[in-house]
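Participant: next one to model:
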Amino acid sequence: MFLLVLICWPVAEVLVAIEVARAIGVLPMLLALIASWPIGSWALRAQGAAAWRRLGEAVAASRPPGREVLDGAMILVGGLLLIVPGFITDVFGALLLLPPTRAPLRGLVARNLQSRIVVRATRFGRPPVRYDVDSTATDIDKPRLRP
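Facilitator: Predicted coordinates:
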């Protein structure tokens, strides 16, 4: 699946760029692609700083910073998508940078991460990992080991 996306994404970007060039012309299309790089850098810097500040406030208030961490990650991905040339990545990057569109995505990502954590914590058929936190482990003679 990942390989298919890796192959189809650049092809789709080129097709969209060709259609945009047909609609507005080649020079405006190139200028739009070039303009997205500084806009992405600025948005990444400005919104990233605000997300970092909200994270610090949450930690200072002794609140779990889950929302702030997810917002920061989405801002980072959105800014990087704006920096990458292409109209499809620009649309997804802009959507990730806008707070109203980040809210529903945050819930989706949080549920996905939570379900993955629960699945990993409750896997059947594997013995649980035990850690010797108090350093009380001792060696067992080989005859006492079970096969």
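
Participant: which residue ranges form the helices in this structure?
Facilitator: Using DSSP state H, the helices of the chain run over 2-24, 26-60, 66-83, 87-97, 99-121.

Participant: centre of the chain versus the helix or strand of the chain with the lowest mean pLDDT, how much separation?
Facilitator: Sorted by mean pLDDT, DSSP states H and E, the helices and strands of the chain end with helix 99-121, the least confident at a mean of 78. Distance of helix 99-121 from its chain centroid, counting by Cα atoms, centre = their mean, to the nearest Å, is 11 Å.

Participant: show me what it is packed against.
Facilitator: For helix 99-121, the packing partners by 3 or more Cβ pairs under 8 Å, 6 or more residues apart in numbering; DSSP states H and E come out as helix 66-83, helix 87-97. C-beta coordinates here come from the backbone N, C-alpha and C atoms, glycine included.

Participant: may I see the helices of the chain arranged in CSV, with mean neighbour count as well?
Facilitator: Shown next, in CSV, are the helices of the chain (neighbours: other Cβ atoms under 10 Å):
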stretch, mean neighbour count
helix 2-24, 12
helix 26-60, 14
helix 66-83, 19
helix 87-97, 19
helix 99-121, 11
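
Participant: pick out the shakiest of those helices, pLDDT-wise.
Facilitator: Between those, the one with the least mean pLDDT is helix 99-121; it has a mean of 78.

Participant: right, I'll call it a day here.
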